[in-house]
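Participant: Pasting the sequence and the predicted coordinates here, then a few questions.
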Amino acid sequence: MKALKYILLLALVVIIGGSIYIATLDGAYDINVKRTIKAPAEVIFNDINDYKNWQDWGPWYEMDSTIVASYPDITSGVDASYTWTGKEGGGSMKTLSLIPNKQLIQEIQFTQGSPSEIYWDITRTDYGNEVTWGMKGESTFGEKIYWLTQGGIDKNLKPMFNKGLELLDNHLQIEMDKHSFEFKGAVDHGGGFYLYQTTACKVEESDVKMQEMLKAVSTFVKENNIQSYGKPFLITHKWDEANNTTMFSVCYPISERLETNGDVLTGYLKPQKTFKTVFKGNYKYSELAWNSAFKEMSKQGYTFIETSEPFEVYMVSPRDTENPAHWVTEIYLPIE
């Protein structure tokens, strides 16, 4: 009987001592992981800002296939939220504050335990945008015991966060690479007056030249308070594959002929019958888009006018959005 008393007393001492030890442990935690993602800050922020997108890269979906997410009317921006249930229980998240394209502060609440703060930071670097995903809070006595038995909160959460950023990176690369071609067929283009600059250069120099000219014509339009009547466009005057050269004009549509200073000129695009293709996606697929347009034009029985000057209109460009998957270019091939 005395031995049993001593054992119980020893157990009580261990329990009390362990409780005191656990109680004195610092319950504050702040864990985070980082990953440099080669995507515009706008693209990264817009994806993580909408909870509906999290199902595309959330690592917990790989860990628990039974998870079911529920979404209210507002899933992005301040006060956005969502809830979930799974085999390990459920929880909810809510967005508390944000700085567009830079930061998100959210609150996560599991079925049991105290709430924690989830934070995202996006920082521009020379190699892309560094994305920080973290969680911080204060563990209760019970949570301290739980994390001690699991080897620590860092050991359990950091691998999941790292996996999440890896999946997010892969998801964004796939999304940004999406492109499509829609063939509208024969359309009558109304033409009109335009302001422009022209250059001839090597094909590999054309992108840089185009940006310089686009800026120059755009600046001229703004400084002279000229009303533009549409989106900027590019006319291809010559394309010499054998010599790897091209000649083109960057244009802004206007309503009437204007007298200019010589650096920027006024031109006129005549009304004509064209074969129209709508190209959505990154400009790295431009050559494929043009080749597809010519191929479909022939397939539909139309003949390209060899002496003509095809053109493309930048309906949605990098000046409108940094996401290349959302760029929209209309290609017009003059036909007989």
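Facilitator: The structure has been received and is ready for your questions. Here the structure is a predicted model, which means the values were calculated and not measured.

Participant: quick one, what contacts the residue lying closest to Ala325 once chain neighbours are set aside?
Facilitator: Counting by Cβ to Cβ, 6 or more residues apart in numbering, the nearest residue to Ala325 once its immediate chain neighbours are dropped is Lys178, at 4.5 Å. C-beta: built from backbone N, CA, C; applies to glycine. Remark: with contacts taken as Cβ atoms under 8 Å, 6 or more residues apart in numbering, Lys178 is in contact with 280-281, 325.

Participant: now do Thr303
Facilitator: Applying Cβ under 8 Å, 6+ apart, we find Thr303 in contact with 335-336.

Participant: By neighbours, which of the contacts of Lys178 wins?
Facilitator: Going through these with other Cβ atoms under 10 Å as the criterion, the one with the most neighbours is Gly281, at 21 neighbours.

Participant: The nearest residue to that residue once chain neighbours are set aside and Ile74: what is the separation?
Facilitator: When the adjacent residues along the chain are set aside, Gly281 lies closest to His179, with 2.6 Å between them (Cβ to Cβ, 6+ apart). Distance, His179 to Ile74, by Cβ to Cβ, to the nearest Å: 31 Å.

Participant: Tell me which of these two has more neighbours.
Facilitator: Looking at His179 and Ile74 with other Cβ under 10 Å, you find the greater number of neighbours at His179, namely 18 against 14.

Participant: still on that earlier bit, which of the contacts of Lys178 lies closest to Thr83?
Facilitator: For Thr83, the closest of those turns out to be Ala325, at 29.4 Å, with distances computed as Cβ to Cβ.

Participant: Checking that closest one next. Helix, strand or coil?
Facilitator: Following DSSP: H, G, I helix; E, B strand; the rest coil, the label given to Ala325 is helix.

Participant: Poorly predicted segments of the stretch 101-250 of the chain, please.
Facilitator: By pLDDT under 70, the low-scoring segments of the stretch 101-250 of the chain are 139-156.

Participant: hey, where'd the helices end up in it?
Facilitator: Listed in chain order, the helices found in the stretch 101-250 of the chain under DSSP state H, counting those that start in this stretch are 141-149, 153-176, 206-223.

Participant: Neighbours of Val217, how many?
Facilitator: There are 23 residues near Val217, going by other Cβ under 10 Å.

Participant: What's the separation between Ile48 and Thr83?
Facilitator: Distance of Ile48 to Thr83, computed by Cβ to Cβ: 18 Å.

Participant: More neighbours: which of those two?
Facilitator: Neighbour totals were compared for Ile48 and Thr83, and Ile48 leads with 20 against 16 (other Cβ under 10 Å).

Participant: burial of the residue lying closest to Ala41 once chain neighbours are set aside, as a residue count?
Facilitator: Closest residue in space to Ala41, ignoring its immediate chain neighbours: Asn101 at 4.2 Å, by Cβ to Cβ, 6+ apart. For Asn101, the count of nearby residues is 17 (other Cβ under 10 Å).

Participant: Asn101 touches Ile122, doesn't it?
Facilitator: Yes - between Asn101 and Ile122 there is a contact under Cβ atoms under 8 Å: 6.5 Å.
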